[in-house]
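Need the 3D shape of this:
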Amino acid sequence: MPIRPFQPEDLAALYAINQASTPGVGHEDDAAGLGALFDMGTCLVATDDADTPLGFINLVEPGTMAYTSDNLRWLERWMAEHDTTIHYVDRIAVAEAARGQRIGQQLYEAAFALTRSKGRQWLTCEVNTDPDNPGSHRFHARLGFVRIGEARFAPDYAVAFYARGIDG
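The predicted model follows:
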């Protein structure tokens, strides 16, 4: 399964994958909004052999203030309290037709390698608890992530935070 950096011509396909994956990932009003998130981070794209995008993972560095995320701010505080370094998964999404092929796991393996290359000690993310996303909780646990905290940011929005140490 090829995994490569995001290219601008991927945006329409990745926007469709993102929107089909809500509420498990954040909704974006338009493709430009998703593209702006990619511009703030590092987006890796899984493709088929014809280079058609099947899924993506977007990583954001701590301290990226243009990224106005309560989740990242919570994780930055956790990082400071634990005197460690993190890389944050803004979102991961896989096209419905491509699920069950371990694409998410392969995207995370690429994210672990990128995080390691940047000298970070932890890869972090959040998973919705309201509305709940039980499949994502199981997926992250299977990959070795541990729950490090929880937060409620709105009456209808709460998350659990996860982290996995980077070996090597």
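
In contact with the nearest residue to residue 43 once chain neighbours are set aside: list those residues for me.
Nearest non-adjacent residue to residue 43, counting by C-beta to C-beta, 6 or more residues apart in numbering: residue 6, 3.7 Å away. Heads up, the C-betas are built off the backbone N, CA and C, glycines and all. By C-beta atoms under 8 Å, 6 or more residues apart in numbering, the contact set of residue 6 is 14, 38, 43, 44, 45, 56.

Give the residue farthest from the middle of the protein.
Ranked by distance from the centre of the chain (C-alpha atoms, centre = their mean), the top residue is residue 50, with 24.2 Å.

Which of the contacts of residue 6 fall in helices?
14, 38 (DSSP state H).

Most neighbours among the contacts of residue 6, which one is it?
For those, the largest neighbour count, defined by other C-beta atoms under 10 Å, is 27 neighbours, found at residue 56.

Make sure it is actually in contact with residue 16.
No. If you go by C-beta atoms under 8 Å, residue 56 and residue 16 don't touch, sitting 11.3 Å apart.

Next SSE downstream of the lengthiest helix in the chain?
Taking DSSP H as the criterion, the chain has its longest helix at helix 103-117. For helix 103-117, the succeeding helix or strand toward the C-terminus, using DSSP states H and E, is strand 122-130.

And the next helix or strand after that following strand, what does it pack against?
Next in sequence after strand 122-130, counting helices and strands by DSSP H and E, comes helix 134-142. Judged by 3 or more C-beta pairs under 8 Å, 6 or more residues apart in numbering; DSSP states H and E, the packing partners of helix 134-142 are strand 122-130.

The strand it packs on: how far from the chain's middle?
Chain-centre distance of strand 122-130: 8 Å, with C-alpha atoms, centre = their mean, to the nearest Å.

Cheers, nothing more for now.
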